[in-house]
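Enquirer: Here is a sequence with its predicted model. Questions after.
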Amino acid sequence: MKKQLIIASLALMGFLVIAYQLVDAKGSHREYRDLKIAECNSCHQGEGIASSHGAMWVSEHRVFAVKANANCADCHDQSSCLDCHTGGGIEPDLTRSLSRRGEYTPKSHRSDWISIHPINAKNRPQDCYRCHDATSCYDCHSRLKSATMNIKSHVKTFVGQDFIWNAEHSREARRNLQSCQSCHPEGDVCLQCHSAKLSVKVNPHPKNWSGGKLKSASGDKTCRICH
Amino acid sequence: MRRTCLLMCLALLLSMPLAAHAVDMRVTSSTQYLWFNDILNGKDDEMLGQYLKMSITKVNPGDTVSIQGYGRGIYRSTDVKGADDLLGRLYYMYLDYRNVVTNVDLIAGRHYVALPAGSALIDGGTLNIRNVGPVDLRILGGRNVVFSGDRNEITGGSDRFLGASISTDAVKLTHIEAGYARKTDDSDLARETVGISITTYLPKRVAVYGEAKYDLLSEATNELLAGVKFSPLERLTLTGVYYESYPTFDATSIYSVFAVNQYQEALVRAEYAVTDAYKLFVSYAAEDFNDGEAANLYNAGISARPIADLVLNVSYDKRNGYGGVLSGFRANGRYSFSEKTAVSAGIDRDDFRRETFADQSVKKYWIGGTHRLNKTISLMVRAEDNVNVNYNHQYQGAASVNAEF
């Protein structure tokens, strides 16, 4: 089904590209760089070009920005990319809060982000990694008490119990394995049961796992952790 | 790190004598003072930051060479474990040389690169080769630079990012690009990906775009996105997006061998400009986390400019389903007293319930203003109060002196 969807999408795009006779090529935008976004539409929409920089441009700009001939630089410096993607804030924006290091926080990082981020991080889980590397989760989580980070598979039901090791933890991990890294960057807790070197030896691999190129990628170092 | 910075500065200084005629140098500076309560230790804290950005152009007669730089230093007296008092970041410092030879552009130094197969900040070079028949080529590589949290750079000399892409604009208003990226982690191969992106603008205000990224080591499609943007009326834009992702990890991480679920999302969105002064948007996204878990996201808002000097924004969003319930209301406005002075204020309110928590409400109130002293210098101040389960009042703010010369 997935393959058919991909093939159908690519075929549709190919058809659209070939079928339409297209109009004038894109020009430089340098002379318009000081215009307000609203003023861009007077030209774009009049010329039949779909508008960009709309209310949700943040979530859709990526595909347009990676192009070799992207004209972002006509109006933006690389600081526009890096102030969000690597943390910065040379042009303070009153509508945005600043982090404890004085960096822009995007709109998605809403009030009391510490409490809310476990919900928001589930939306498009890959998005966190466009600005944060895996270690940045651990930077905070390693400094906060684990009791404050209750999640379904870790909730204590009996006095003195540490975890609930039931099927819930595997479902949670499959849906958002990145979040496990937040507190267990080396996965040592997982290996207590999932390592082939220890007694329980619960297989953590996907179905039909062959290891493929992962086996040789790091000189087998990763495989040898458990085998 | 220190050696890299010194080399870059040296390269910059050596390039100066080339500019015997009048170069154009623009500098943007922002000196910032922040006060806040640090959630990690529960104490009030302060921070002083200095950002500096520069652009040197007209270095040579054809204006094909420019030098761009951007960095910051922050100082904070902190007792947070593992955090440095003094943090410096060189975001970029590169030489941009267009037409080094005909149709070949070179970028050398620290710069941000983005390919359909991945993006990175690198200490290295990018070569753009245009018009090789109907295609353009990009070849890039260098040390992979990663900043993290309260520490300075966390990558070393043997962490590298290499990539290449081939693209064509042979069909007007259509860009097709395929790329390859390879990342090493302490000399071990960590990631190897290929990606493709397509954007095309069709008549009748239609844009079609798509992107796919395949992880060669995990042998899985890491991300797939396909979208259509359509404006049936001059003031109405409709967007439909399908997105799916499959988490993959660096081959050097133990997490790369674990089973994971695919995530899928379908999104529709409408943006309508009632007049130039009133704009509405509404969107809905259906999320599927597999194993029978799903969530729905709703978002709507309005942006209004009832009078020339006043801008108002109001939005509401709601999420329910897997992971918890979250709804939020945001309202903010900006009033310009004159071309030099403006004041802004806003209120955010969020109600949420995580799986294992009771219902909670949080509020944020903020106010700020800007004032331009002259062509060169402007001032900004912003203060906010957060009311949540941890704090009755959590104040934080920032004041900055900004200069452009």
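Expert: That came in fine, so what should we check first? Numbering: from 1, shown residues only, chains lettered A, B, ... in the order given.

Enquirer: was I right about residue B:352 contacting residue B:320?
Expert: No. At 10.5 Å, residue B:352 does not count as touching residue B:320 under the criterion of CB atoms under 8 Å. C-beta: built from backbone N, CA, C; applies to glycine.

Enquirer: Need the overlap of contacts for the two.
Expert: Between them, residue B:352 and residue B:320 share the neighbouring residues residue B:326, with contact defined by CB atoms under 8 Å, 6 or more residues apart in numbering or on different chains.

Enquirer: The two: which is more packed in?
Expert: Under the criterion of other CB atoms under 10 Å in any protein chain shown, the comparison of residue B:352 against residue B:320 puts residue B:352 first, with 22 against 15.

Enquirer: who's the more buried one bridged to?
Expert: Each beta-bridge partner of residue B:352 is listed here, defined by DSSP bridges: residue B:326, residue B:360.

Enquirer: On the pLDDT front, check it for me.
Expert: The predicted local distance difference test score for residue B:352 is 91.

Enquirer: what's the burial count for residue B:234?
Expert: Neighbours of residue B:234 using other CB under 10 Å come to 13.

Enquirer: Residue A:98 now?
Expert: Residues contacting residue A:98 under the criterion other CB under 10 Å number 23.

Enquirer: Now that it has come up, it's in contact with residue A:92, right?
Expert: Yes. Contact status for residue A:98 versus residue A:92: in contact at 7.5 Å, counting by CB under 8 Å.

Enquirer: which neighbours do these two share?
Expert: Overlap between the contact sets of residue A:98 and residue A:92, as judged by CB under 8 Å, 6+ apart, is given by B:382, B:398.

Enquirer: any weak-confidence spans in chain A?
Expert: Across chain A, the stretches falling below the confidence threshold (pLDDT under 70) are A:1-31, A:33-34, A:36-39, A:41-51, A:145-151, A:155-167.

Enquirer: redo that, cut-off 50
Expert: Counting by pLDDT under 50, chain A shows low-confidence ranges at A:12-26.

Enquirer: ok, which stretches of it are strands?
Expert: When assigned using DSSP state E, chain A turns out to have no strands.

Enquirer: How much space separates the one residue sitting closest to the centre of it from chain B?
Expert: Closest to where the C-alpha atoms of chain A average out (CA atoms, centre = their mean) is residue A:127, at 1.8 Å. Residue A:127 sits 9 Å away from chain B when distances are taken as CB to the nearest CB, to the nearest Å.

Enquirer: and what of residue A:68?
Expert: As for residue A:68, its distance to chain B is 5 Å (criterion: CB to the nearest CB).

Enquirer: ok, that residue - contacts?
Expert: B:128, B:136, B:138, B:165, B:167, B:175, B:177.

Enquirer: among these, which one has the lowest pLDDT?
Expert: Looking at the contacts of residue A:68, model confidence by pLDDT dips furthest at residue B:175: 92.

Enquirer: how much space between the residue nearest to residue A:87 when sequence neighbours are not counted and residue A:199?
Expert: Sequence neighbours aside, residue A:103 is the residue nearest to residue A:87 in space, at 4.0 Å (criterion: CB to CB, 6 or more residues apart in numbering or on different chains). As for residue A:103, its distance to residue A:199 is 46 Å (criterion: CB to CB, to the nearest Å).

Enquirer: cool, and residue B:389?
Expert: Distance from residue B:389 to residue A:199, by CB to CB: 42 Å.

Enquirer: try residue B:338
Expert: As it turns out, when the distance is counted by CB to CB, residue B:338 lies 75 Å from residue A:199.

Enquirer: So the closest residue to residue A:206 other than its chain neighbours: helix, strand or coil?
Expert: Computed as CB to CB, 6+ apart, the closest residue to residue A:206 that is not its neighbour in sequence is residue B:259, at 4.1 Å. In the three-state summary, residue B:259 is assigned as coil, counting by DSSP: H, G, I helix; E, B strand; the rest coil.

Enquirer: ok, residue B:259 touching residue A:194?
Expert: No. With contact defined as CB under 8 Å, residue B:259 and residue A:194 do not form a contacting pair (10.5 Å).

Enquirer: coming back round to it: list the contacts of the residue nearest to the centre of chain A.
Expert: Contacts of residue A:127 (CB under 8 Å, 6+ apart): none.

Enquirer: Return the set of buried residues in the strand or helix carrying residue B:318.
Expert: The secondary structure element spanning residue B:318 is strand B:310-321 (assigned by DSSP states H and E). Burial within strand B:310-321, assessed by neighbour count using 16 or more other CB atoms under 10 Å in any protein chain shown, is assigned to B:311, B:313, B:314, B:315, B:316, B:317, B:319, B:321.

Enquirer: same for chain A: which of the residues you listed are within range?
Expert: Checked against chain A using CB under 8 Å from any CB of the partner chain, the buried residues of strand B:310-321 yield the following neighbours: B:313, B:319.

Enquirer: ok, back up a step: among the contacts of residue A:68, who's most crowded?
Expert: Neighbour max across the contacts of residue A:68 (other CB under 10 Å) = residue B:165, 28 neighbours.

Enquirer: can I assume that residue sits in a strand?
Expert: Yes. With three-state DSSP as the criterion, residue B:165 is part of a strand.

Enquirer: Number of residues surrounding the residue lying closest to it once chain neighbours are set aside?
Expert: By the measure of CB to CB, 6+ apart, the closest residue to residue B:165 outside its immediate chain neighbours is residue B:179, 3.6 Å from it. For residue B:179, the tally of surrounding residues (other CB under 10 Å) stands at 24.

Enquirer: likewise residue A:102?
Expert: Neighbour count of residue A:102, defined by other CB under 10 Å: 25.

Enquirer: Please list all residues in contact with the closest residue in space to residue B:350 that isn't next to it in sequence.
Expert: For residue B:350, ignoring the flanking residues on the chain, the nearest one in space by CB to CB, 6+ apart is residue B:328 at 4.2 Å. Residue B:328 sits next to A:110, A:111, B:316, B:317, B:318, B:348, B:349, B:350, B:351 when contact means CB under 8 Å, 6+ apart.

Enquirer: Tell me the one of these nearest residue B:300?
Expert: The shortest separation between residue B:300 and any of the contacts of residue B:328 is 5.6 Å, and it belongs to residue B:316 (by CB to CB).

Enquirer: where's that closest one relative to residue B:327, distance?
Expert: Between residue B:316 and residue B:327 the computed distance is 7 Å (CB to CB).

Enquirer: now residue B:279
Expert: For residue B:279, the distance to residue B:327 under the criterion CB to CB works out to 22 Å.

Enquirer: between these two, who's got more neighbours?
Expert: Between residue B:279 and residue B:327, counting by other CB under 10 Å, residue B:279 is the more crowded of the two (20 against 15).

Enquirer: what angle do whichever strand or helix holds the more buried one and strand B:310-321 make?
Expert: Taking DSSP H and E as the definition, one finds residue B:279 inside strand B:278-290. Compare the direction of strand B:278-290 with that of strand B:310-321 by axes from the mean of the first three to the mean of the last three CA atoms, to 10 degrees and you get 20 degrees.

Enquirer: Name the residues that touch strand B:278-290?
Expert: Contacts of strand B:278-290 with the rest of the structure, by CB under 8 Å, 6+ apart, involve A:54-56, A:122-123, A:174-176, B:261-274, B:294-305, B:321-322.
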